[in-house]
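S.K.: please find the sequence and the predicted model below.
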Amino acid sequence: MTQESLVRVSTLSFSDLLKTSDWPLALDSYQRGFVWGPDKLMQLASDLAEFAEQADNTLPYYMGVVLLHRNAYQSKRFIIDGQQRVTALSLLYYRATGMLPAGQALSYSGQSARHISAGLQALKQLEPIAREVIEKLRLTVIEVDSTDLAFTFFDTQNNRGVRLEATDLLKAYHLRAIDHADGEGRLKTALQQHCAERWESLQRHPAILSPGQDFAPNLFNRFLWRARRWRGSQTPAGRHEALLAEFQRDTWPHVADSRSRIDSVPLYATRHNRLATALTLAGDGEYLLQGSQLRVSHNPANLPMALRQPIHEGLGFFLYTDKYAALLQRLINDPEPCRHVSSFRVIYRQLLRNNQEYLREIFMLCSLVYVDQFEVEQLTAFALRLEFLLGAIRLEKKQVKQETAANFFRLAELNLLDVIAQSYHPKQVLDFLQQRQQAVASLYANETIEVGNGVQGRYKRAVLEFYRGQADSECRSLAGKSQWLEASLKAFQEDRHEN
């Protein structure tokens, strides 16, 4: 195939873009949804209204570049770059004609519905001139036949100035890895669709720390990157390029392990996996463990993987991501939690919610690494002892800065994440926390903060309310917090044995 047949460039009106081929415009599985907000659409409406008022109305209005991948297998033209503009113009077309344009098969997840509804409202002011304006819009259209070229364009282009998140590029890369793996075409397409749907489901998870944000960037920036890369005294920043290096460039290709196939991922010996050598995605959505021939339930939180293990590109990346998203949701949001998780949530709601977000980050990061290693065994003791250390930081500092999280791991004798990951039993972790607890106890013994006064006083009040079963009702000092903690754990253990 010649280079000329791989890339075609033309300037087309919006109408001609839809009519020039029998193959409709569509969105591939690696694309994100419609993200333009009302402000962006209002700016477009204002620009087009100004254009319509010009004296010379014969000139076209240039709308930029649209990149398309002609997929012969599915007989569709997939939008690589420019889908925000194409969607906005489709909404404008609807305002002009009362119907969506033919020649497009665009479909979106529920996440995009709110933006599309707001977009229709924002473009309402253009109704009187919409039909006239839309006929004068021009686009530079680049069409490619090669999958590699399609992904190359996707990796290097941004949508109308809205920078792609590293997680958008990671999703695209690992869907491409599935396409490049050995295997039958129909299986690849089905597996790509399955992984793309899992990813979109993950993005809809409730936020753990920052409400209203896409869950995927938070998962990678605040949790997965740090859990893997914060070792010893090294706590590098999880910036855009660093995330791509860790979860894209440094992932293992299929040829790196003989057990790796398009639908199978190698497994490694961990505390939760001593028999299986690989995991295969079964046709019914369950997971088949090769070597033991056992099935794992649909819940990805049960996958026998480890945070710091090698990540295999394609399916391995998506399963890895899915597992740790599910573990975080199990800790904070899943309904019907077990007794240990219920206790954990009480500690988080009553003590951590009254603390600074950077300290909550530390708490949730360490908790994720802990449940990955030990599930919920002695989770209450872990949470209370870790909270004791974070509370000492709050009492010591009126202002908790972003670097506090890194310093918590960097300045201690041992990195707590390393201690957890390298321990064989929860007692090793709890002993380490108890030693650090003794080292900071003087901060509680010597505090003179007024209850309820400022951020430190509000935290102090939360501690007194949480331990009111162990502390005297008239108590106004945190000097006894160590004793209250031990008494609380003893009561929890006794209650557990009774039940």
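M.R.: Happy to help now that I have it. Numbering: from 1, shown residues only.

S.K.: and residue 120, that one's in a helix?
M.R.: Yes - Residue 120 sits within a helix when classified using DSSP: H, G, I helix; E, B strand; the rest coil.

S.K.: how about it, nearest residue that isn't a chain neighbour?
M.R.: Using Cβ to Cβ, 6 or more residues apart in numbering and skipping residues adjacent in sequence, the residue nearest residue 120 is residue 91, 5.5 Å away. Placement of C-beta: from N, CA and C, glycine included.

S.K.: buried sites along the strand or helix carrying the one you found?
M.R.: Here residue 91 is covered by helix 83-97, with elements defined by DSSP states H and E. By neighbour count, with 16 or more other Cβ atoms under 10 Å as the criterion, the buried positions of helix 83-97 are 83-96.

S.K.: closest to residue 63 out of those?
M.R.: Here the nearest of those to residue 63, counting by Cβ to Cβ, is residue 85; it sits at 5.8 Å.

S.K.: residues contacting that closest one?
M.R.: With Cβ atoms under 8 Å, 6 or more residues apart in numbering as the criterion, the residues that contact residue 85 are 63, 64, 66, 139, 160.

S.K.: swap in residue 232?
M.R.: Residue 232 makes contact with 415, 418, according to Cβ under 8 Å, 6+ apart.

S.K.: and if you look at residue 92?
M.R.: Neighbour list for residue 92: 48, 123, 126, 130, 133, 134 [criterion: Cβ under 8 Å, 6+ apart].

S.K.: that older thread, redo the buried residues of helix 83-97 as a markdown table? Include distance to residue 451 and pLDDT.
M.R.: Supplementary listing: these in a markdown table, determined by distance: Cβ to Cβ, whole Å; pLDDT from 0 to 100:
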| residue | distance to residue 451 | pLDDT |
| --- | --- | --- |
| 83 | 54 | 84 |
| 84 | 51 | 86 |
| 85 | 56 | 86 |
| 86 | 58 | 89 |
| 87 | 54 | 88 |
| 88 | 54 | 87 |
| 89 | 59 | 87 |
| 90 | 58 | 87 |
| 91 | 55 | 86 |
| 92 | 58 | 85 |
| 93 | 62 | 85 |
| 94 | 59 | 85 |
| 95 | 58 | 84 |
| 96 | 64 | 82 |
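
S.K.: how about low-confidence regions in the stretch 351-499 of the chain?
M.R.: Residues of the stretch 351-499 of the chain that meet the criterion pLDDT under 70 lie in 496-499.

S.K.: kindly recompute the last result at 80.
M.R.: In the predicted model of the stretch 351-499 of the chain, residues 354-355, 473, 494-499 satisfy pLDDT under 80.

S.K.: what ranges does it have for its helices?
M.R.: Secondary structure of the stretch 351-499 of the chain by DSSP state H, counting those that start in this stretch: the helices cover 357-374, 379-396, 403-410, 416-422, 426-445, 454-466, 481-498.

S.K.: and residue 189, which of these is closest to it?
M.R.: Closest approach to residue 189 among those (Cβ to Cβ): helix 357-374, 32.4 Å.
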